[in-house]
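Student: Structure for this input, please:
(2 chains)
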2 protein chains.
Amino acid sequence: MPEFLTLLTPQEARQKVFEALTPQVKLAVESVPTQEALGRVSAREVRAPHPLPMFNRATVDGYAVRAEDTFGASESLPAYFRVVTEVGMGQETTVTLGSMEAALIHTGGMLPPNANAVVMIEQTQRIAEDEIEVYRAASPWENTIRIGEEVKEGEVVLPRHKRIRPVEVGGLLALGILQVEVVKKPKVGIISSGDEVVPPDAPLRLGQVRDVNTYTLSALVSQCGGEPLPYGILPDQEEALKKALDELKAKCDMILITAGSSVSARDYTARAIQQMGAPGVLAHGINTRPGKPTIFAVCDGIPVIGLPGNPMSAYVIALHFVRPILFLLQGLPPEEMKPQVEATLTVNLSSTAGREDWVPVRLVQDAEGLRADPVFGKSNMILALSRADGLIRIPAAATGLAAGEKVQVELLE
Amino acid sequence: MPEFLTLLTPQEARQKVFEALTPQVKLAVESVPTQEALGRVSAREVRAPHPLPMFNRATVDGYAVRAEDTFGASESLPAYFRVVTEVGMGQETTVTLGSMEAALIHTGGMLPPNANAVVMIEQTQRIAEDEIEVYRAASPWENTIRIGEEVKEGEVVLPRHKRIRPVEVGGLLALGILQVEVVKKPKVGIISSGDEVVPPDAPLRLGQVRDVNTYTLSALVSQCGGEPLPYGILPDQEEALKKALDELKAKCDMILITAGSSVSARDYTARAIQQMGAPGVLAHGINTRPGKPTIFAVCDGIPVIGLPGNPMSAYVIALHFVRPILFLLQGLPPEEMKPQVEATLTVNLSSTAGREDWVPVRLVQDAEGLRADPVFGKSNMILALSRADGLIRIPAAATGLAAGEKVQVELLE
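Tutor: Residues are numbered from 1 along each chain as shown, chains lettered A, B, ... in the order given. Below is the predicted model:
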């Protein structure tokens, strides 16, 4: 399992993981109150238990009538109607209209059983306590919304495997659907390793660094709909890592390890992953910057990703590999739309042919449009990322990008 | 305060609210653990309490040396070094290197006090227990990251009024900053009104509809960083509304009312808002579809928005007016970047000149690219929105859009 003998392209690595994983993905399901389902993914198709609206409704303020009684009405030759009732909001209407009879009605009110149009109040005039003139003919069902016009009984109102937005919450509650079956949040075990790594709240001695990966990865996992299970910090010891992996394998749907930084730490990380289950390590090393030493594995149906120890590298790789795998584990298309904007690159960027690079950029809006300005300095620093608005990709086939080129900026959220 | 006498453009309405509100916005501040600050907005600038890294670090596996000792080294004429120590990960290094002395070091390890370069292990060969050949000259500080190179002491690491992303959480924790001052979430009171409106879990009689607005608006407020305070459903009574507004005014930073649907309900809603405080109602009626009857007010520094009762209209208006006001209340630019994609319109759409329309569309990816397909049927239905991926805008100046036109689709999230 030595690394770097064959560097895969990011596409090849992703494909190997997906091919090994897809047949084994089993989505666990739970029921949650619809009001709390925002951001979750539907586990089953939901159909309307009844039509909507459940009664013919007025969409304007005016008079409910039988449309045929208005035919021929005009400014010069109005039709005369007797107002026989007023429809109360939220009230069932049982009054049946006779010939040339009308009911005063408000927007959202229920039409009388045999009414089939509403004349807008602006097109009428009240000439006596219970009599109006109507100045315009109404066509059948004008200014109404009919039973089932929004949704028919049995119609699909929420497809399977859809992220639930505010409008889905609203649509379900409009139909009285108070609970919804959603995909359980994938549990993601997160191990940070390295003899030099200490918790952020510990006193720091020279030679040590604070753990960052546990927190950036937990935040990303939460944003992508997963549930982070941070395991803590491990020393550079193969046995300790094996023990942690066994423990996490029993309760997680995915495992992330930020490997110790040295070559030997990366090697035993690959060995420890390899013994977890079949097929094991699928790729060790990808031709990208950052992220070259990344390990991709699937062990007994659980994706295990060995990320670089450098927090910036770990985060960029997680965005491009952990995010799509997490989507797959929720039944979503792996490439759910990523927010991006087009901008003009401000400087020349060089790269190595065959290697895919991701470069942090700041976005600057000026008179000539949106500009992408690479963040200066050594780029493999978490604080370089926090100074950036997004990332641009230098494709493997290119040896760089030229100042003035249009680039797609993948926004950091 | 009669509506519709002068319909404002959406831009005019927004500007009136911002002008009345901006001088009065006072951002309340609270301190939260950095680990829980994801999505919050920083209230103050944060500066680095110490440089990062705090010691000169190796960025590769190899040998720490004094660069000048390697000058002239090549494949054919290697330099010979004595290996005097191995730097342990996480350990402080106190050994000072003598002439032609090297220390074995791993990625992330601390350089000896007088070392100023690292030779990659691949460019060396061990020829005895404590002796190596070096095949390449190292330039000063090659393969290292120096004290303060990621961030200097006192440098700004988090500006004021920035949304905290995973990378900011990581950057703060890398510096041991365990608490961060953030803007308090604006509290948004939400009133749903109408005699016909009942809670989603209540039995439904003919003539009634379930409350949807409380839940779609609460979800949107949460997504935008606010804290929804749903008040419940009010009947169409001016006094009940006044009482509710007084109560919410005492504890909210913003108030949303979905007005009863009838003209009279909209009129007394405007009156009830007007008596809450100065300057009161700023606009009543905007030239948009949906959303014409919207009321905009600022009362004693609190923005109060009277939204249409129709759930689809209320949500679309909230996206375009409530969202930017909520950002303003958090110190963010009102027009924080909205995710959008470009697509090709599939059909002709007509509109009225002078009126701005928002039309729900579905996105379909086909061989020729991304297409925006308007959702058919009467569009003012919440279930039409839940069938849509986004909204397109027909500008006021246009009388429609033509099939084949490129349109910007504002994604519904």
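Student: Which secondary structure state is assigned to the closest residue to residue A:369 other than its chain neighbours?
Tutor: Residue nearest to residue A:369 in three dimensions, not counting chain neighbours: residue A:344, with 6.3 Å by Cβ to Cβ, 6 or more residues apart in numbering or on different chains. Every residue, glycine included, has its C-beta placed from N, CA and C. Following DSSP: H, G, I helix; E, B strand; the rest coil, residue A:344 is assigned to strand.
Student: Just confirm residue A:344 contacts residue A:371, I think it does.
Tutor: Yes - counting by Cβ atoms under 8 Å, residue A:344 touches residue A:371, with 5.2 Å between them.
Student: In a strand, residue A:97, correct?
Tutor: No - per three-state DSSP, residue A:97 lies outside any strand segment and is coil.
Student: what's the neighbour count on residue A:397?
Tutor: Applying other Cβ atoms under 10 Å in any protein chain shown, we find 8 residues neighbouring residue A:397.
Student: tell me the pLDDT at residue A:358?
Tutor: Residue A:358 carries a pLDDT score of 94 in this model.
Student: which element is it on?
Tutor: strand A:356-366 (DSSP states H and E).
Student: and the angle from the helix or strand that that strand is followed by to strand A:356-366?
Tutor: From strand A:356-366 onward toward the C-terminus, using DSSP H and E, the following helix or strand is strand A:369-374. Orientation check (axes from the mean of the first three to the mean of the last three Cα atoms, to 10 degrees): strand A:369-374 against strand A:356-366 gives 140 degrees.
Student: Strand A:369-374: what's the following helix or strand?
Tutor: The element immediately downstream of strand A:369-374 (helix or strand, assigned by DSSP H and E) is helix A:382-386.
Student: Look at residue A:72 and give its secondary structure.
Tutor: From three-state DSSP, the assignment for residue A:72 is coil.
Student: Test my guess that it contacts residue A:78.
Tutor: No - counting by Cβ under 8 Å, residue A:78 is not a contact partner of residue A:72; they are 10.0 Å apart.
Student: In terms of neighbours, single out the busier of these two.
Tutor: Neighbours per residue, other Cβ under 10 Å: of residue A:72 and residue A:78, the larger number sits with residue A:78, 18 against 9.
Student: That one against residue A:131, yeah?
Tutor: No - Residue A:78 lies out of contact with residue A:131 (Cβ under 8 Å); the separation is 11.0 Å.
Student: Just list the residues touching residue A:102, thanks.
Tutor: Counting by Cβ atoms under 8 Å, 6 or more residues apart in numbering or on different chains, residue A:102 touches A:63-65, A:81-84, A:119, A:132, A:134.
Student: Of the residues you listed, which belong to strands?
Tutor: Using DSSP state E, the members of these that fall in strands are A:63-65, A:81-84, A:119, A:132, A:134.
Student: From those, keep the buried residues only.
Tutor: With burial judged by 16 or more other Cβ atoms under 10 Å in any protein chain shown, the buried subset of the ones in strands among the contacts of residue A:102 is A:63-65, A:81, A:83, A:119, A:132, A:134.
Student: show me what contacts the residue nearest the centre of chain A?
Tutor: The residue lying closest to the centre of chain A (Cα atoms, centre = their mean) is residue A:163, at 5.6 Å. Contact criterion Cβ under 8 Å, 6+ apart gives A:39-41, A:225, A:332, A:336 as the residues in contact with residue A:163.
Student: could you dump the residues you listed to CSV with secondary structure?
Tutor: As requested, those are exported to CSV (three-state DSSP):
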residue, secondary structure
A:39, coil
A:40, coil
A:41, strand
A:225, coil
A:332, coil
A:336, coil
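Student: Which PyMOL command selects the buried ones in these?
Tutor: Here is the PyMOL command that selects the buried residues among those (16+ other Cβ under 10 Å):
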select buried, chain A and resi 39+40+41+225+332
